[in-house]
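> Would you be able to build a 3D model of this:
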Amino acid sequence: MKSIYNFGIYCYKQLVALAGIRNVKARKLTQGQKGIFDYLSRHADPQGGYLWIHASSLGEFEQGRPLIEAIKKAQPDTKILLTFFSPSGYEVRKDYSGADLICYLPFDLPGNVRRFLDLTKPTKAIFIKYEFWANYLNELKRRNIPTYIVSAIFRPKQIFFRSYGGYFRRILKNFTHLYIQDERSRQLLASIGIDNVSIVGDTR
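A predicted model of the protein is given here:
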C-alpha cells in the first residue's frame, strides 16, 4: 500500500504540473513547489527548533491563527514555521507576521519529506483539521517528533473507517494527540481504537 500511495502522490504532482498550463492556481502551486528548498536553505535557522504548523489553505490557517498567536504571546521566542499546500492560503498569508518562516509544503514523497525535516528540524508539528500526509506523519513518528492535529473533524465515509482503510488507520496512530471538534468524531476514532483525543471545538 505504501508503494501505491507514493505512486499516487507522484502522479498527482505530475497532473498538477500539467494542469498548470491552463490553470492559474495549479501553475502557482507548481512554481511555489520549485522554490521551497532554496528558500529554506537560505532562511531556515541551521539549528532548527521550529514549531511547525501546517494549514492546507486559507480556511485552515484561520483555524490555526488563534493558536499561533496564543503561542507567540505566551512564548515570544518560539520560532514558527508555517506551511501551506494551497495557493489560496500561501498567496494571501505569505507575509503573515506571526510566523518566522512561511512556505509551501513539499509534495508528500519520501525524499521531499526527509529533506524538509532535515532543513527545518522541528521540535513539534501541528496539522490543522484535515491534513493526513502519510510520509510526513510516518517520518515525524520515526524521528520522535511530537505531532498533533487541531480542530479535526471526522466523518463515517472517510477512508479511515472503511474496511479497506487499514493503512490510513495506522497513519492516524502517528499522532501524539488529536484535538477534535465534536463527540461524533471521538466515537468514530474510538471505534478504530484511537482514544488519545480531546474535544476542543473549532479554534476559529
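
> pLDDT below threshold where in this structure?
The chain contains residues with pLDDT under 70 at 204.

> hmm, try it at 80
202-204 (pLDDT under 80).

> which one in it is furthest away from the centre?
What lies farthest from the middle of the chain is residue 22; by CA atoms, centre = their mean that is 27.0 Å.

> How about the secondary structure of that one?
Under the three-state scheme (DSSP: H, G, I helix; E, B strand; the rest coil), residue 22 adopts coil.

> just use 367 as the starting number from now, easier for me
Okay, residue one is now 367; in that scheme the one you just asked about reads as residue 388.

> What's the separation between it and residue 382?
12 Å (CB to CB, to the nearest Å). Quick note: C-beta positions are derived from backbone N, CA and C, even for glycine.

> can I assume residue 520 is in contact with residue 555?
Yes. Taking contacts as CB atoms under 8 Å, residue 520 lies within contact range of residue 555: 6.4 Å.

> residues near residue 537, how many?
By the measure other CB atoms under 10 Å, the count of residues near residue 537 is 21.

> Which strands and helices lie in contact with the helix or strand harbouring it?
Secondary structure from DSSP states H and E places residue 537 in helix 532-538. With contacts defined as 3 or more CB pairs under 8 Å, 6 or more residues apart in numbering; DSSP states H and E, helix 532-538 has these neighbours: helix 500-508.

> Just the buried positions in the helix it packs on, please.
Within helix 500-508, the residues scored as buried using 16 or more other CB atoms under 10 Å are 500, 501, 502, 503, 504, 505, 506, 507.

> Please apply the same query to stretch 484-496.
For stretch 484-496, a neighbour-count test (16+ other CB under 10 Å) marks 485, 486, 487, 488, 490, 491, 492, 493, 494, 495, 496 as buried.

> Same question for stretch 512-527.
513, 514, 515, 516, 517, 518, 520, 526, 527.

> Same check on stretch 528-545?
If you call a residue buried by 16+ other CB under 10 Å, then stretch 528-545 has these buried ones: 534, 535, 537, 538, 540, 541, 544, 545.

> which other residues reach it?
Under the criterion CB atoms under 8 Å, 6 or more residues apart in numbering, residues 367-368, 371, 498, 500, 503-504, 506-507, 512-518, 524-526, 555, 558, 560, 562-564, 566 lie in contact with stretch 528-545.

> then the helix holding residue 537 to CSV, C-alphas only?
Presented in CSV, the C-alpha positions along helix 532-538 are these (Å, rounded to 0.1, in the frame of the first residue of the first chain):
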residue,chain,number,x,y,z
GLY,A,532,-6.1,-0.2,7.4
TYR,A,533,-3.1,1.7,6.0
PHE,A,534,-4.7,5.0,6.7
ARG,A,535,-5.9,4.0,10.2
ARG,A,536,-2.2,3.2,11.0
ILE,A,537,-1.3,6.7,9.9
LEU,A,538,-3.7,8.2,12.5
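
> Alright, I will stop here.
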